[in-house]
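>>> can't give you the sequence, but here's the structure:
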């Protein structure tokens, strides 16, 4: 069994069309068909029903698909890792994050990657949820992190990382700063700083409106940096997720009855080869103890 045969099989299984699969693999259709027939001969049965307009996996093909995919990914990862160590050039980790995801969440894992690989370079891309999806589609990013991507794309792999709550953040000199728990009545005279770049901004604002807060009278903010600057100047208050980093000049306070939660997900592209660095990062993010970070940040 040759790896190019497995790669061709996975391509056809993904697009269910021999012509399109050949185009993706940059080979002629006869070459791709011949390689798959050789693979079928080795496995002792047909892997596809050659129907029009789309090919379909046979029962053998369905059973072999996860095994061949695992085999191919393992072989590819081992080859890339060996090549990286041999050359001393691992390349760059390209990762896209939405504006509302704090980069500090990645710092421990980035530090670990630097110890694992030689001459590692990072490339961070920022955008809204739609832009992160585009970065992944175009191959400009290998991994994406966002609270929610509504893009309906069948090649988008999704792994939930953690779910967190939202809390109020205020200046420590603010009259309400001596309290750890507030209610909506305490906030009716306050001007809110709206994080409209957050994927869950509409849901958070809806919850605040339901409790009588005038969200439209607040200040609209375009970035986390601007938010911190305004909070440190005591110009308004803000509702932020538990994992958001805040300086010592600010403090968190819980708001009784605030119904706002979000799940932060890791995104990748199914069927696309990942570098050894991206694969290592994905394993670390999926295996991390996020609850510890949430509990530490979420304590007012």
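Ah, there it is. All figures in this text were calculated on a predicted structure; none of them were measured in a lab.

>>> residue ranges with poor pLDDT in the stretch 51-200 of the chain?
For the stretch 51-200 of the chain, the stretches flagged by pLDDT under 70 are 81-91.

>>> which parts of it are helices?
59-87, 107-116, 129-137, 184-187 (DSSP state H, counting those that start in this stretch).

>>> reformat those helices as TSV; add mean neighbour count.
For the C-beta atoms, the positions are set from N, CA and C on the backbone; glycine is no exception. Below are the helices of the stretch 51-200 of the chain laid out as TSV (neighbours: other CB atoms under 10 Å):
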stretch	mean neighbour count
helix 59-87	14
helix 107-116	13
helix 129-137	20
helix 184-187	17
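
>>> nearest to residue 228, out of those?
When the helices of the stretch 51-200 of the chain are compared by CB to CB, helix 107-116 sits nearest residue 228, at 17.3 Å.

>>> helix 59-87 and the closest one, what's the angle between them?
Relative orientation of helix 107-116 versus helix 59-87 (axes from the mean of the first three to the mean of the last three CA atoms, to 10 degrees): 70 degrees.

>>> identify the residues contacting helix 107-116?
Outside helix 107-116, the residues that touch it by CB atoms under 8 Å, 6 or more residues apart in numbering are 93, 120, 122, 277, 280-281, 284-285, 288.

>>> restricted to buried residues, select those in ChimeraX.
Buried subset of these, written as a ChimeraX selection, criterion 16 or more other CB atoms under 10 Å:
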select :93,120,277,280,281,284,285,288
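
>>> greatest separation within the contacts of helix 107-116: which pair is it?
120 and 288 (18.9 Å).

>>> picking that back up, cross the contacts of helix 107-116 against strands and list the overlap.
In strands, judged by DSSP state E, the following of those are found: 93, 120, 122.

>>> let me have those residues in CSV, extended by distance to residue 66.
CSV is the format used below for the ones in strands among the contacts of helix 107-116 (distance: CB to CB, whole Å):
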residue, distance to residue 66
93, 27
120, 31
122, 32
